[in-house]
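# just to be clear, the model below is a prediction. Sequence and coordinates:
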Amino acid sequence: MSATDDPTDRTAVAELDDAGGTSDTGHLGGTSDTGDLDDTDLCELDELADLDEFLRVCAELTGFDEPELLATGMAHEHHRTTLAHRVRDDHALVHLWYVGAWPGEAPSSARAHDQGLVWRTFHTDPPGAAAPGHGSWAEPPRGAEPARGAEAPRGAEPARGSEMPRGAEPARAGEQW
Amino acid sequence: MSGRWDAVVVGAGFAGSLVAHRLGAQGWRVLVLEAGRTARPGPETATAYRAAGGGPPTSAYPHSPDAPSPDVGDLTGHPDGGFTATGHLRQHGPLPYASGYLRANGGTGLAWTGLTPRMHPEDFRTGDLGRGRNWPIDYHDLEPHYRAAEQELGVAADAEEQRTAVGLPMPEGYAFPMRAIPASYLDRQLAGALDGRAVHDPAMPGPARLAVTGTPHARNGLPTRPGDPVGPPCAGSASCVPVCPTGAKYTPLRTQARWAAGVELRTEAVAARILADPVTGRATGVEYLAGGATHRVDADLVVLAAHAVENARLLLLSGLANRSDQVGRNLMDHPALLTWGLMPRPVGPYRGPGSTSGLEAFRFGPARARRAPFRIEIGNWGWAWAGGPPEAEAAELITAGLRGKELRDRLGDWLGRQFSLQFELEQPADPANRVTLDPDRRDPLGLPLPAVHYDLDEYVREGMASARAVSDQLFALLGAEDHTGYPAGPRWPGRLEHRGTAYGYRGAGHAGGTHIMGDSPATSVVDPWQRCWDHPNLYAVGCGSMPSLGTSNPSLTMAALALRSAERMHQDLLELRRLPTVTVAAPSATDRSTDVPSPAARSTALPETP
């Protein structure tokens, strides 16, 4: 549970912020740490320089379609992070989208962390990233069986009563005090 | 720097902030020395924590190199059992003291969970069970102060539920300042499956009847009296630990914001020694280190409120209050046995506060004579404490090669059904569990570091066996898949085997007992007012005074005790002012007595308790 990893590459990413879609594949030539890349990786590297192609590949790898990926608002940031790394593989790309961070690094931003797809898989937000409203946690999550007596037993057992006042407190998100 | 104060308080956490507030409100001039730094505001802290990708709770807060503190990350389990400890606390074992704390303005109260159950009347009489010690005061002595603390912290709970389901006496018509925090969807699923059912605890003569019961919170709910200004209600950010981004959770900073002008805070001021007159025993002041220099402040009253471990360390460093040889002894925590699994259907984990309800049936009754009692917290945050955060689980599946829809569906199903149960066990006071000064290691300021001897006795181990047996039956009633396991290795430094079964525990962060309260100077460190027996104007406040921890998260009890002691401190100061021989100190350059009304001229009435 290390909180901080080597921030060196985060700086590199930040410096690329204004680089738009430019590719840094030029770094590849002659570097010694590309020895473990096979032909597929090299082929993908060229393709990934294009944002559309990046999204297409990522949609396939993550199981989230392109509109879903775009809706996170992270397409450009994750594209930049990807291009800032010489060695890229399936694993790193999926990790980037699901966790919001390149493997072994801290997230590129708080937003990258907040938009990690892992939280989308079960329809929630990471801790601290959202304020869904007082009592929102009492509502059934998406995919839960409709009520099926989850709330009903309170009313059905008036003698037990202990949760009545709490059960009777439906969430009204955004209520202000 | 010098100057005379009515009171010097060491530590700006829970107890210290409350004491300073009450004394300041009575017109006393109070200096608060805090070893740590001031954290950034909640929303900023929350954002920075997320940008760092999470980490241990204390990592969200500023760490002063001159005021180090222990962290859960200091402990690593070995593959063959046993553990290694690094950092602030030297650990002599045989088991690890598994909790951290935080030295910062606001203390560990910045990162606390915010749950505020009262102790049960039975919890004050543990000595009668042959386990640990009795308190010199009982529930009824503390009850009005519980109410005062609930007012001060802003507690949301249902008084009738606390009376009937937990057995806590409260005056007729008493209402908490805020209505109960709504039960989570998970709580409701558990209530549907468990309420009215029975399980068999091997230590109990009969079946235990189950009832999912709401937990009191020091986080804003809806006001009991509509229109009362209570601050923004909890918005469900699911981030109480390490920081509430909306300010709905109480922290000591809220009390500090109400301090009178006569209260002054100095941060990064590390108390090194309490000074006392060798003849009279009276404390005369505090020596502290700040900005590379040694400073001394004089005061009529000295209050230690620096955390159970640091209070004991300071008393040991000062060679004070130890006629009974109990300073540093009786170290207690709530060892937390966790069990975790998957519910049959999605429950929506990681929404709302970390826990909103619990099961209370195992906290009291005759079984207590045979095994440690425990309170069961229902965990709303998946397996975060037991296993790891969802990111870690995602990383694991990604590394295993899962991709595309399969990855998405597997994670969604797996994470969406996660829940955990947290069995917080009482650990009785045992003089052998103790804080000492490490003869070999010093902190950056040259002060000897604390060291700890810690073990869990047969009584706690029997409590773990009961807890696990109860857990197994709960999982069966819920139709839940049990994924609990405590493999020897890095993730389980707190691990033991009892009657052939392995148990893992985490520390709940509830250190207590190290300046234990009692009715005799021969056997205890502080009197029922948390005043050191050996030094009539030296108080040691906080969970360190507690003779037993019961099964309740102790912060509310610590707050109630602090408010009760603040009344006694006020009386002590008034009595001092009535004695002309005591007020001999000449006003110094920094004496600010002209800034505030003379306390002696004020009413001697004690602060009102609601």
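It's in.

# and the biggest helix by length in chain B, how far from the chain's centre?
Assignment by DSSP state H gives helix B:555-578 as the longest helix of chain B. Remark: helix B:555-578 is offset 20 Å from the chain centroid, using Cα atoms, centre = their mean, to the nearest Å.

# tell me the helices and strands packed up against that helix.
strand B:4-10, helix B:14-25, helix B:139-153, strand B:293-304 (3 or more Cβ pairs under 8 Å, 6 or more residues apart in numbering or on different chains; DSSP states H and E). Yep, even glycine has a C-beta here, placed from its N, CA and C like the rest.

# pull up the gap between the residue in the stretch 451-600 of chain B that chain A sits nearest to and B:Asp71, please.
Going by Cβ to the nearest Cβ, chain A is nearest to B:Arg491 of the stretch 451-600 of chain B, at 9.5 Å. Applying Cβ to Cβ, to the nearest Å, the value for B:Arg491 to B:Asp71 is 15 Å.

# with neighbour numbers in mind, choose between those two.
Under the neighbour definition other Cβ atoms under 10 Å in any protein chain shown, B:Arg491 and B:Asp71 were set side by side, and B:Asp71 has more, 21 against 16.

# and the longest helix of chain B, what's its mean pLDDT?
For helix B:555-578, mean pLDDT is 97.

# please apply the same query to stretch A:56-76.
Stretch A:56-76 comes out at a mean pLDDT of 98.

# stretch A:126-135 now?
Across stretch A:126-135, pLDDT averages out at 96.

# only alpha carbons, please: show it as CSV.
Coordinates of each C-alpha in stretch A:126-135 appear next as CSV, following Å, rounded to 0.1, in the frame of the first residue of the first chain:
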residue,chain,number,x,y,z
PRO,A,126,-13.9,6.1,-5.5
PRO,A,127,-13.8,7.4,-1.9
GLY,A,128,-13.7,11.1,-1.6
ALA,A,129,-14.4,11.7,-5.3
ALA,A,130,-18.1,12.4,-5.2
ALA,A,131,-20.8,13.6,-2.8
PRO,A,132,-23.9,11.7,-3.8
GLY,A,133,-26.0,13.1,-1.0
HIS,A,134,-27.3,12.4,2.5
GLY,A,135,-28.7,8.9,2.7
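
# want to try CSV for the helices and strands packed on helix B:555-578, with mean neighbour count as columns?
Formatted as CSV, these follow (neighbours: other Cβ atoms under 10 Å in any protein chain shown):
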stretch, mean neighbour count
strand B:4-10, 25
helix B:14-25, 28
helix B:139-153, 21
strand B:293-304, 22
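
# can I get the ones you listed in JSON lines with mean pLDDT and distance to chain A?
Putting the helices and strands packed on helix B:555-578 into JSON lines (pLDDT from 0 to 100; distance: least, Cβ to the nearest Cβ, whole Å) gives the following:
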{"stretch": "strand B:4-10", "mean pLDDT": "97", "distance to chain A": "29"}
{"stretch": "helix B:14-25", "mean pLDDT": "98", "distance to chain A": "22"}
{"stretch": "helix B:139-153", "mean pLDDT": "98", "distance to chain A": "17"}
{"stretch": "strand B:293-304", "mean pLDDT": "98", "distance to chain A": "31"}
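
# now stretch B:326-337, how far from the centre of its chain.
Distance, centroid of stretch B:326-337 to centroid of chain: 12 Å (Cα atoms, centre = their mean).

# which stretches of chain A aren't confidently modelled?
Residue ranges of chain A with pLDDT under 70: A:1-46, A:145-177.

# and after the top helix by length along chain A, which helix or strand comes next?
For chain A, the longest helix by residue count, based on DSSP H, is helix A:51-62. Toward the C-terminal end, the helix or strand that comes next after helix A:51-62 (DSSP states H and E) is helix A:66-71.

# what are the buried residues along the next helix or strand after that next one?
Per DSSP H and E, helix A:66-71 leads on to helix A:75-83 as the next helix or strand towards the C-terminus. Residues A:Ala75, A:Glu77, A:His78, A:His79, A:Arg80, A:Thr81, A:Thr82, A:Leu83 are the ones in helix A:75-83 that count as buried (16 or more other Cβ atoms under 10 Å in any protein chain shown).

# any idea how far the fifth one is from chain B?
Looking back up the chat, that one is A:Arg80. 16 Å (Cβ to the nearest Cβ, to the nearest Å).

# what's the answer for the fourth one, then?
When distances are taken as Cβ to the nearest Cβ, A:His79 and chain B turn out to be 19 Å apart.

# my guess is that residue contacts A:Phe54, does it?
Yes. Under the criterion of Cβ atoms under 8 Å, A:His79 makes contact with A:Phe54 at 5.2 Å.

# helix/strand/coil for A:Ala131?
Under DSSP: H, G, I helix; E, B strand; the rest coil, the three-state class of A:Ala131 is coil.

# dump the residue contacts of it.
Counting by Cβ atoms under 8 Å, 6 or more residues apart in numbering or on different chains, A:Ala131 touches B:Ala235, B:Gly236, B:Ser237, B:Pro245, B:Thr246.

# again, only this time at 10 Å
Applying Cβ atoms under 10 Å, 6 or more residues apart in numbering or on different chains to A:Ala131 gives the contacts A:125, A:173-174, B:232, B:234-239, B:245-246, B:248.

# quick check: buried residues in the least confident helix or strand in chain B by mean pLDDT?
One helix or strand of chain B scores below all others by mean pLDDT, DSSP states H and E: helix B:42-51, with a mean of 92. Buried residues in helix B:42-51, defined by neighbour count with 16+ other Cβ under 10 Å: B:Gly42, B:Thr45, B:Ala46, B:Thr47, B:Tyr49, B:Arg50, B:Ala51.

# same question, stretch A:115-129
A:115-122, A:124-129.

# which ones among those residues are found in helices?
With DSSP H as the criterion, helices contain A:Leu117, A:Val118, A:Trp119, A:Arg120 from among these.

# for the least confident helix or strand of chain B, what is the distance to the chain centroid?
The answer for helix B:42-51 is 23 Å, by Cα atoms, centre = their mean.

# spatially nearest residue to B:Ala46 (excluding sequence neighbours)?
Closest residue in space to B:Ala46, ignoring its immediate chain neighbours: B:Pro245 at 3.8 Å, by Cβ to Cβ, 6 or more residues apart in numbering or on different chains.

# so the one you found touches B:Ala48, yeah?
No. B:Pro245 lies out of contact with B:Ala48 (Cβ atoms under 10 Å); the separation is 11.0 Å.

# what about A:Ala92, how many neighbours?
Using other Cβ under 10 Å, A:Ala92 has 18 neighbouring residues.

# residues contacting the residue nearest to it when sequence neighbours are not counted?
In space, and not counting its chain neighbours, A:Ala92 is closest to A:Pro103: 5.4 Å by Cβ to Cβ, 6+ apart. Contacts for A:Pro103 were tallied using Cβ under 10 Å, 6+ apart; they are A:Asp5, A:His85, A:Asp89, A:His91, A:Ala92, A:Leu93, A:Val94, A:His95, A:Leu96, B:Ala395, B:Ile398, B:Thr399.

# including distance to B:Arg371, could these go into a markdown table?
Listed next are the contacts of A:Pro103 as a markdown table, based on distance: Cβ to Cβ, whole Å:
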| residue | distance to B:Arg371 |
| --- | --- |
| A:Asp5 | 43 |
| A:His85 | 54 |
| A:Asp89 | 52 |
| A:His91 | 47 |
| A:Ala92 | 50 |
| A:Leu93 | 51 |
| A:Val94 | 47 |
| A:His95 | 45 |
| A:Leu96 | 49 |
| B:Ala395 | 39 |
| B:Ile398 | 43 |
| B:Thr399 | 41 |
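
# I'd like to know which of the residues you listed are buried.
Buried, going by 16+ other Cβ under 10 Å: A:Asp5, A:His85, A:Asp89, A:Ala92, A:Leu93, A:Val94, A:His95, A:Leu96, B:Ala395, B:Ile398, out of the contacts of A:Pro103.
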